[in-house]
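Chemist: how does the following fold in three dimensions:
(chains A and B)
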2 protein chains.
Amino acid sequence: MNNFDFKNPTKIIFGKDTIEKLKEEIPANAKVLMLYGGGSIKKNGIYDQVKTALAKIDTVEFGGIPANPEYAVLMQALKVIKEENINYLLAVGGGSVIDGTKFLSAAAVYDGDTPWEILTKNIRTAKGMPFGTVLTLPATGSEMNSGAVITRAETKEKLAMGGPGLFPEFSILDPKVITSIPERQLVNGITDAFTHVLEQYMTYPVGALLQDRFAESILQTLIEVAPKVLKDPADYNAAANFMWSCTMALNGLIQKGVPTDWAIHAMGHELTALFGIDHARTLAVIAPSHYKFNFEDKKEKLAQYAERVWNISEGSIDDKAYAAIEKTEGFFKELGIDTKLSDYTKDYEGTAEKIAERFTNRGWLGLGEHQSLSPDKVEKIVKMAY
Amino acid sequence: MNNFDFKNPTKIIFGKDTIEKLKEEIPANAKVLMLYGGGSIKKNGIYDQVKTALAKIDTVEFGGIPANPEYAVLMQALKVIKEENINYLLAVGGGSVIDGTKFLSAAAVYDGDTPWEILTKNIRTAKGMPFGTVLTLPATGSEMNSGAVITRAETKEKLAMGGPGLFPEFSILDPKVITSIPERQLVNGITDAFTHVLEQYMTYPVGALLQDRFAESILQTLIEVAPKVLKDPADYNAAANFMWSCTMALNGLIQKGVPTDWAIHAMGHELTALFGIDHARTLAVIAPSHYKFNFEDKKEKLAQYAERVWNISEGSIDDKAYAAIEKTEGFFKELGIDTKLSDYTKDYEGTAEKIAERFTNRGWLGLGEHQSLSPDKVEKIVKMAY
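Modeler: Here you go, the predicted model:
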């Protein structure tokens, strides 16, 4: 097991009808900017629940944060923060709104030339403007971590940021929100969370027995509840397990003491930036090729995953490892997710070269748990995913 | 799944040679009271490592906190805190030293008549004196939670306390400390952590699939590493998994959203108070009888535990559930732990009645996940454990 530090101070308020607890979490003297997305919260009743809870708190609203939170939109919100003397942020939404809010938390206290540097210079925020979240879409885990990914349409870039001062102070997770989520987004959420776990687990064994079992627990739970959630989003227990699994998949716990490999996310982000493909779907496109290409490095863990998560007990290590890749791709397909780039665009020729070039230009010369995935290898993996 | 709140702000610093990181965690202007137990840390080198790390920090020492931290001794430490204007506490020890430090953290800021009220009036501490820990004995999980148990020899009492302001600011977990722990204490630690998980898991199903799997993960890991740790405490990976399992067993995570049943601990504490039996051993004495007595209420979870943790796939629910109790008792025995009260004392007659009477006098009229375990039932369980 590797050495690690672990600290996660976010308060989780989980369960039925918990949105009203908002009023106990935000300081009475706060001036709040409430951030949300395209307005679905106005149709599903969440907006009203939040406004009721905020009745006695001075609140300004900023709606319209898009999926893949866009830098230009966030800069408008930053202007509101400054003009209105906002001192507390409240994200009401999924990962995009929460990630956008984290950027604003950092940008509101940043004193460099331009907030764009937070993304390009990898500025770590020690203490951002305080914020809380009301999660409306389980998927990214952003509600209980300190990272974010921001998109800039102008340059077709999607860049990560974070820092110990960017944990939400609280996050309210009411599984009942799932009843109002379109199936496409539920499927994306399951796929995103599942891949988050894989990226922290599918590397090589380091004797971290407990972390491995926790990762496998989340995968098993997602596999068990996925069909139930899709069949009946009002199945509260399925929804609750789905929601808590998504949070636990990326709140830091399972990655402590083990090597991680975020290469699938890195390649996937480029497919979103280039083609606008849903984030989760890009992961399902890249994952099978990534695991086949890096088979020798990962086959021990792939075989363990085959045995413990997919109950595959027959065959050699190689057989089990290969079967696990097939099972994973099959799981995505059963969710209705296409796993080839050509399923999403006819315009895929040259994509692999373009992504490899971008990685080279950014100096990303060695991704993966061994920092050995050079741009020429990335090119091959993306081509395998056509 | 039940509604829950979860917040655990303790920073964990885990791994080889991490004690020196102490100096980065304690504020430079702190005046520290360093608390420890019987002095074993002076023999195994931990004392020297801590003192080296604290070289530039104003530190007063207080040694001699006994197993089952004693109120009278802690009151002497409280006097030192007041006289020396201490503003930061550092526990260097196992659960007893850390629990004692939590009491002091609360007592140092308590403004009632006497700190004894913290225990008898169930005073919840919102913000105690800040403290950190260096864990020398994995077992209780106290290093990452906000609860403590304090003993008062004068009245033969052992009482619980806690509050959101009693989480350690940081805890340093170096698995190498395990090489210097006597086998008796290693065995106690494994048993204590194992029972902590059972108390949060062995109730009735509420559809908390992920929490169940996490609990099972810890149990499986403890079963896997126990023989390795005992055979060779220098097996770093076994030690690291043992240590992290003990912490995760009682840091709040696995009890969120599920019913819990702390009756085994409640009965066990009395056996320690009456006979001085090691805490962990009292749990091994009570657990089998408790599960047999409450078989009907718990058999569904006992059977799930049998299947997933002990790989028992044959037989009816009842068969599996019963086999799981046998396996649990067998696990304790293989560790070298006796599981009957008469193995520890010849003077056991009347114990059951005495414990039942104490519970009645304290108003503890319904323990267990259904609050249905009345003193007369407690009496029967303890008798079964003779």
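Chemist: pLDDT-wise, which helix or strand of chain A ranks last?
Modeler: Using mean pLDDT, DSSP states H and E, strand A:157-162 stands out as the lowest-scoring helix or strand of chain A, at a mean of 88.
Chemist: in chain A, where is pLDDT below threshold?
Modeler: By pLDDT under 70, chain A has no low-scoring segment.
Chemist: any buried residues in the helix or strand where A:Lys354 lies, and which?
Modeler: Using DSSP states H and E, A:Lys354 maps to helix A:351-362. Buried residues in helix A:351-362, counted by 16 or more other C-beta atoms under 10 Å in any protein chain shown: A:351-352, A:355-356, A:358-359. For the C-beta atoms, the positions are set from N, CA and C on the backbone; glycine is no exception.
Chemist: helices of the stretch 101-250 of chain A, residue ranges please.
Modeler: Here the stretch 101-250 of chain A has its helices, by DSSP state H, counting those that start in this stretch, at A:116-120, A:183-201, A:209-231, A:236-249.
Chemist: adding distance to chain B, write these out as CSV.
Modeler: Output for those, formatted as CSV (distance: least, C-beta to the nearest C-beta, whole Å):
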stretch, distance to chain B
helix A:116-120, 24
helix A:183-201, 11
helix A:209-231, 3
helix A:236-249, 4
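Chemist: contact partners of stretch A:353-361?
Modeler: A:266-267, A:270-271, A:274, A:365, A:367, A:375-376, A:378-379, A:382 (C-beta atoms under 8 Å, 6 or more residues apart in numbering or on different chains).
Chemist: kindly write the ChimeraX command that selects the buried subset of the residues you listed.
Modeler: Applying 16+ other C-beta under 10 Å to those leaves a buried subset, and the ChimeraX line that selects it is:
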select /A:266,267,270,271,274,367,375,378,379,382
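Chemist: let me have the contacts of stretch A:353-361 in TSV, extended by secondary structure and distance to chain B.
Modeler: Formatted as TSV, the contacts of stretch A:353-361 follow (DSSP: H, G, I helix; E, B strand; the rest coil; distance: C-beta to the nearest C-beta, whole Å):
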residue	secondary structure	distance to chain B
A:Ala266	helix	27
A:Met267	helix	29
A:Glu270	helix	32
A:Leu271	helix	30
A:Leu274	helix	35
A:Leu365	coil	28
A:Leu367	strand	25
A:Pro375	helix	33
A:Asp376	helix	35
A:Val378	helix	32
A:Glu379	helix	37
A:Val382	helix	33
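Chemist: contact residues of the stretch 201-350 of chain A facing chain B?
Modeler: A:207-211, A:213-214, A:216-218, A:220-221, A:224-225, A:236-237, A:240-241, A:244-245, A:248, A:256-257 (C-beta under 8 Å from any C-beta of the partner chain).
Chemist: secondary structure element for A:Lys298?
Modeler: helix A:295-310.
Chemist: quick one: distance of that helix to the chain centre.
Modeler: 23 Å (C-alpha atoms, centre = their mean, to the nearest Å).
Chemist: buried residues in the helix or strand following that helix?
Modeler: Counting by DSSP H and E, the next helix or strand C-terminal to helix A:295-310 is helix A:317-334. Within helix A:317-334, the residues that qualify as buried are A:320-325, A:327-329, A:331-332, counting by 16+ other C-beta under 10 Å.
Chemist: how about CSV for those residues, with distance to A:Gly189 added?
Modeler: As requested, those are exported to CSV (distance: C-beta to C-beta, whole Å):
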residue, distance to A:Gly189
A:Lys320, 28
A:Ala321, 27
A:Tyr322, 28
A:Ala323, 26
A:Ala324, 22
A:Ile325, 22
A:Lys327, 20
A:Thr328, 17
A:Glu329, 18
A:Phe331, 14
A:Phe332, 13
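Chemist: nearest to chain B, of those?
Modeler: Using C-beta to the nearest C-beta, A:Phe331 is the member of the buried residues of helix A:317-334 that sits closest to chain B, with 16.9 Å.
Chemist: list the contacts for that closest one?
Modeler: A:194, A:223, A:226.
Chemist: returning to that earlier point: emit the PyMOL select command for whichever of the residues of the stretch 201-350 of chain A next to chain B are buried.
Modeler: The buried subset of these, as determined by 16+ other C-beta under 10 Å, is captured in PyMOL by this line:
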select buried, chain A and resi 207+208+209+210+211+213+214+216+217+218+220+221+224+225+236+237+240+241+244+245+248+256+257
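Chemist: still on that earlier bit, and which of the buried residues of helix A:351-362 is nearest to B:Asp338?
Modeler: Nearest to B:Asp338 out of the buried residues of helix A:351-362 is A:Phe359 (C-beta to C-beta; 61.7 Å).
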